[in-house]
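Novice: structure here, sequence nowhere to be found:
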């Protein structure tokens, strides 16, 4: 049996941790994941169903839930995360470009939007097929700079071969020119070139 502590982890980290634990089992067995919200419980049980595993959930305390996943002989093995997969050589995969123009994802609560953007960048690094380039401009420029909650995720993406580019004009405008921590500075010509040559553009 493998026990996973995902208390305090935002979506999709509990699912990723549990998938990795199932892969670590290497066959039939049990994975117990502790989380602190019902949304995480539902996400874990949905993942278990998709893999053909049995699951049950119980509330063990105030804001504490235990999800027990039983992996059977017939269950599917989760695919390796992008971090563990071999990199595909440039030109061998779709040219996907992610463009980020804000430090928030969606409209509404700014606090929620920042949490969602952090979750998006983490989840992006867990995909089997990674984007070739991530472009940061306007308000999104701060995400690649000192103090950004997404720096660890972006550095992981860069280590996996993802090109990270931040608009130099935007860095200057926001007084961040000396605070860039990951990737390189780019200009509008290059931004337009990357976008027009992309097979797919993703904008969260």
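Specialist: On my side now, so go ahead. All values reported here derive from a predicted model rather than from experimental measurement.
Novice: and the end-to-end length of stretch 23-30?
Specialist: 11 Å (CA to CA, to the nearest Å).
Novice: I misspoke; the intended subject was stretch 17-32.
Specialist: As for stretch 17-32, its first-to-last residue distance stands at 11 Å under the measure CA to CA.
Novice: start at 52 instead
Specialist: Shifting the count to begin at 52 puts that one at stretch 68-83.
Novice: give the buried residues for that stretch.
Specialist: Judged by neighbour count using 16 or more other CB atoms under 10 Å, the buried positions of stretch 68-83 are 68-74, 76, 80-82. C-beta coordinates here come from the backbone N, C-alpha and C atoms, glycine included.
Novice: closest one of these to residue 89?
Specialist: Within these, the smallest distance to residue 89 is 15.7 Å, found for residue 69 (CB to CB).
Novice: what kind of secondary structure is that closest one in?
Specialist: Secondary structure, DSSP: H, G, I helix; E, B strand; the rest coil: residue 69 is helix.
Novice: ok, it to residue 55 distance?
Specialist: Plainly put, residue 69 is 6 Å away from residue 55 if you go by CB to CB, to the nearest Å.
Novice: per-residue pLDDT of the residue nearest the centre of the chain, please?
Specialist: The centroid of the chain falls nearest to residue 174 when counting by CA atoms, centre = their mean (1.7 Å). The predicted local confidence for residue 174 comes out at a pLDDT of 93.
Novice: can you check residue 246 too?
Specialist: 96.
Novice: next up, the contacts around it.
Specialist: Residue 246 sits next to 148, 150, 186, 252 when contact means CB atoms under 8 Å, 6 or more residues apart in numbering.
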